[in-house]
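**Student:** Give me the fold of what follows.
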Amino acid sequence: MNEEKKEPIKVIIADDHVLYRAGVKTSLSTKNDVKVIAEADNGMHLLNLLKNIEVDVILLDIQMPIMDGIATLPEIKKISPQTKVIMLTMVDDNSMITKLMELGANSYLTKTSDSEIIYEAIKTCYEQEYYFNSLTNKALLSNLKQKNPVTPQQITPQEAQLNDKETTILRLMCEEKSTKEIADIVDLSPRTVEAIRDRLKVKTGSKTTTGLIMYAVKHKIIEEI
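**Tutor:** Numbers count the residues shown, from 1 in each chain. Next comes the predicted model:
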C-alpha cells in the first residue's frame, strides 16, 4: 500500500516564476515525507526531465512560455500515467477546471494557496488519486448542471441500487475523507473500503473517482457543495 511506503513522495515543480518555485520548495523542505527532486520553467523542459526521472506528483503551472500547462498535461499522462498532476493558476475558472480534470488533472489549486494546502494536496493525490477542494467541487457541480439540465428520463436507467454502507462511503468520499478515515468511521478495514469503492465504480458506471463524485451530485447523495 502507498501509505506504507517509507521513501518520500517525489515532486517536480513546473513554473516559470523562479521565486514561486523557490518558495514552494523551501516550504516543502520542512516535510520528511515529500521531496522536490527537480524544477522546470516550462512544459517542454518538464517533458524532457520526465524521460530520465521518475516522479510521483507534479505541480504544474497553467501559464508558462514555450509550452503551457494545458498542452503539457496530456503529454505527462502519456509518458507517465501513474504520475499525479496538480494544476496551479491565478484564475478560478469553472470551465477551465472541468476541462483540466477531464484531461487527467488530479487537483487544481490557486497559486495563493498556502504551503500546508499544497502539502495536503500532494499527499492526498499521491494516496487517494484526487484532492477535491471547493474549486474543483464547484466546477464539477457547475459543469454537471450545464450538461444535465433536468432530464430524469436520462438519469433513471443509470440509477444504481446502492446499499446503506455504499451510500455512506460515497458520501464520505465526497467529504474528502481519506480511505483510512472512512475505514475508521464505518468500522471496516481500508482494504474493504477500497473494494467497496471499486464496486461503486462498477455499479455507477464511473471510471474514476471524479465520476463517482459527479454521480453523487447528480443523484443528490450530496446535496450542495
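
**Student:** Now stretch 202-211 - C-alpha only, CSV.
**Tutor:** C-alpha atoms of stretch 202-211 as CSV (Å, rounded to 0.1, in the frame of the first residue of the first chain):
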residue,chain,number,x,y,z
VAL,A,202,-18.7,-0.7,-11.4
LYS,A,203,-22.3,-0.1,-10.1
THR,A,204,-22.4,3.5,-11.2
GLY,A,205,-20.5,3.1,-14.4
SER,A,206,-17.9,5.6,-13.2
LYS,A,207,-14.3,5.1,-14.5
THR,A,208,-12.7,7.5,-12.0
THR,A,209,-13.2,8.9,-8.5
THR,A,210,-14.3,12.2,-10.3
GLY,A,211,-17.0,10.2,-12.0
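
**Student:** where along the chain do the helices fall?
**Tutor:** Ranges of helices in the chain, per DSSP state H, are 18-28, 43-50, 69-79, 94-103, 115-128, 134-147, 152-155, 164-174, 179-186, 190-204, 209-218.

**Student:** show me what contacts the nearest residue to residue 18 once chain neighbours are set aside?
**Tutor:** Nearest in space to residue 18, with sequence neighbours left out and distances taken as CB to CB, 6 or more residues apart in numbering, is residue 41 at 7.6 Å. (C-beta placed from N, C-alpha, C; glycine too.) Applying CB atoms under 8 Å, 6 or more residues apart in numbering, one finds that residue 41 lies in contact with 14, 15, 16, 18, 64.

**Student:** for the residues you listed, which one is nearest residue 90?
**Tutor:** residue 15 (11.4 Å; CB to CB).

**Student:** what about the closest one, distance to residue 58?
**Tutor:** Using CB to CB, to the nearest Å, residue 15 is found at 11 Å from residue 58.

**Student:** which of the two has more neighbours?
**Tutor:** residue 58 (29 against 23; other CB atoms under 10 Å).

**Student:** Report pLDDT for the more buried one.
**Tutor:** On pLDDT, residue 58 comes in at 97.

**Student:** Residue 6 is nearest to which of the helices of the chain?
**Tutor:** Taking the helices of the chain one by one with CB to CB, helix 115-128 is closest: 13.7 Å.

**Student:** how about stretch 179-196 as CSV, C-alpha atoms only?
**Tutor:** Extracted as CSV, the C-alpha positions of stretch 179-196 are listed here (Å, rounded to 0.1, in the frame of the first residue of the first chain):
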residue,chain,number,x,y,z
THR,A,179,-9.5,5.7,2.9
LYS,A,180,-8.2,5.3,6.4
GLU,A,181,-10.6,8.0,7.8
ILE,A,182,-13.5,6.3,6.0
ALA,A,183,-12.4,2.9,7.3
ASP,A,184,-12.4,4.2,10.9
ILE,A,185,-15.8,5.8,10.6
VAL,A,186,-17.6,2.8,9.1
ASP,A,187,-15.6,0.3,11.1
LEU,A,188,-14.1,-1.6,8.2
SER,A,189,-10.5,-2.3,7.0
PRO,A,190,-9.0,0.2,4.5
ARG,A,191,-8.8,-2.8,2.0
THR,A,192,-12.5,-3.4,2.3
VAL,A,193,-13.2,0.3,1.8
GLU,A,194,-11.1,0.2,-1.4
ALA,A,195,-13.0,-2.9,-2.6
ILE,A,196,-16.3,-1.1,-2.0
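
**Student:** Alright, that wraps it up for me.
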